[in-house]
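Participant: what would the 3D arrangement of this be:
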Amino acid sequence: MKILYDTEIFDLQIFGGISLYFSKLFDCFSKDQDVDFTMPLIYSDNQYIRNSDLLKYMSFYKHNFPFRKQLTKFFALQNEINTVKNLKKQDFDLYHPTYFNLNLLKHLNKKPFVLTVHDMTLEVLPEYFIFDKNAENTVKTKKYLIENASRIIAISENTKKDILEFTNVDESKIDIVYHGKPFESLEKTENVGYLPEKYILFVGQRSKYKNFVSFLIAISEILLKDENLYLICAGGFNFSRTEKEIINSLNLIKKVIYTGIENENKLIALYKNAVCFIFPSLYEGFGFPILESFQCGCPLICSNTSSFPEIAGDAAYYFDPYDSESIKNAVNKVLQDDNLKQEMRQKGHKQVEKFNWNKTASQTKDVYKKVMSL
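Facilitator: Residues are numbered from 1 along each chain as shown. Below is the predicted model:
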């Protein structure tokens, strides 16, 4: 079977769950003689695909020169032009877009396409995106693509449920295919320099539905009472002016630390050395950090909403993300109970073994077969 992918997500992300997902599919399919795929990427700063044979790699990511943004936009345009050329050739059996771009769909002619839906955050929590100028258009585009796809891959049962709630699509067209483990190896870890001996870890973006401020307020008393306990926020952007003001108002200026994530090895080291990992998001379609923490043996404390219970199973300690007392009590319980932390580590290692990229690729291939048999 011949599969065509576009380059969209690799133009949009340097790191990120969606680009990790597609890069892992490419790794698996490159070893499968039954799958002949094309991904017409000629340039990307994406860190998951940088060592791939799929592109002529040039990176401006680590170089702070004045024309980086302009060059990135230029090469993203070249990638799209290259994708359009491949769509017009029609030398493929089906198309699997990596993101939502209606401009590419018009070149599809009558070829079928499979769409992976990673979450329905904009639809479930629209109140958090009222100032996002692109949100309404993204929702409309996604709905159109979902309703016109030959088949849909949902990355969790919860995502499937949300697709059915917000679109007019036949349930029989949706296949659930879970992701695999985020980290290939845990052997090499980065020397991250000074780390507090005792810290709670928060990873990724902190704005909107990620619920960071509510979480911070909920645990502020815990941080102040324990002079040895810190909170490390890794990844995302550095603290905004508003976040700094909130941190200062809570008297936590010396207790909350930001650090960037330059590579996967540093992230692994941060997980491995943390007392626990906190994931207070109001909604996730899957939640790669759940599996990241399990792989690294880091006890997970997380929300009891959306896909969290489905992916984390009995290996996490849950709280109500809308209730500050629930958050506070959960963090206190895990911090104070060493036996519980050890039990959570063991359950986490067991739970993460359920997720495998070869299984993901095999089930994705089965979806392709269903389309081609129509």
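
Participant: contacting residues for residue 80?
Facilitator: With contacts taken as CB atoms under 8 Å, 6 or more residues apart in numbering, residue 80 has the following neighbours: 6-8, 11, 103-104. C-beta: built from backbone N, CA, C; applies to glycine.

Participant: ok, residue 6 - contacts?
Facilitator: Going by CB under 8 Å, 6+ apart, residue 6 touches 39-40, 80, 83, 95, 97-99, 101, 104.

Participant: can you rerun that using 10 Å?
Facilitator: Residue 6 makes contacts with 22, 38-41, 79-80, 82-84, 86-87, 95-99, 101, 104-105, as judged by CB atoms under 10 Å, 6 or more residues apart in numbering.

Participant: cool, and residue 231?
Facilitator: Remark: with contacts taken as CB under 10 Å, 6+ apart, residue 231 is in contact with 196, 199-202, 215-216, 219-220, 222-223, 247, 252, 255-258, 278.

Participant: beta partners of it?
Facilitator: Here residue 231 sits in beta bridges with residue 200, residue 256, going by DSSP bridges.

Participant: report pLDDT for it.
Facilitator: Per-residue confidence for residue 231 comes out at a pLDDT of 98.

Participant: residue 224: neighbour count?
Facilitator: Applying the criterion other CB atoms under 10 Å, we find 13 residues in the vicinity of residue 224.

Participant: confirm that it sits in a helix.
Facilitator: Yes. Read with DSSP: H, G, I helix; E, B strand; the rest coil, residue 224 is one of the residues of a helix.

Participant: what separates it from residue 256, distance-wise?
Facilitator: Here residue 224 is placed at a distance of 11 Å from residue 256 (CB to CB, to the nearest Å).

Participant: and the residue lying closest to residue 22 once chain neighbours are set aside, its phi and psi?
Facilitator: Using CB to CB, 6 or more residues apart in numbering and skipping residues adjacent in sequence, the residue nearest residue 22 is residue 98, 5.3 Å away. The phi/psi pair for residue 98 (degrees, to the nearest 10) reads phi -90, psi -10.

Participant: please begin residue numbering at 5 from this point
Facilitator: Sure, I'll start counting at 5 from here, so that last one is residue 102.

Participant: wouldn't residue 102 be in contact with residue 20 here?
Facilitator: No. Because the distance of 11.0 Å does not satisfy CB atoms under 10 Å, residue 102 is recorded as not touching residue 20.

Participant: now for the two: what residues contact both?
Facilitator: When contacts are counted by CB under 10 Å, 6+ apart, the set common to residue 102 and residue 20 consists of 13-14.

Participant: those two: who's more crowded?
Facilitator: residue 102 (23 against 17).

Participant: common neighbours of residue 228 and residue 260, please.
Facilitator: Both residue 228 and residue 260 are in contact with residue 254, where contact means CB under 10 Å, 6+ apart.

Participant: helix or strand right after the helix or strand hosting residue 353?
Facilitator: Following DSSP states H and E, the helix or strand that holds residue 353 is helix 342-356. Following the chain from helix 342-356 toward its C-terminal end, the next helix or strand by DSSP H and E is helix 361-376.

Participant: buried set for that following helix?
Facilitator: Neighbour-count burial for helix 361-376, with 16 or more other CB atoms under 10 Å as criterion, is recorded at 361, 364-365, 368-369, 371-372, 375.

Participant: give me the phi and psi for residue 101.
Facilitator: Backbone torsions for residue 101, taken as degrees, to the nearest 10, come to phi -60, psi 140.

Participant: give me the neighbour count for residue 199.
Facilitator: Residue 199 has 15 neighbouring residues, counting by other CB under 10 Å.

Participant: relative to residue 220, how far out is it?
Facilitator: Taken as CB to CB, the spacing of residue 199 relative to residue 220 amounts to 19 Å.
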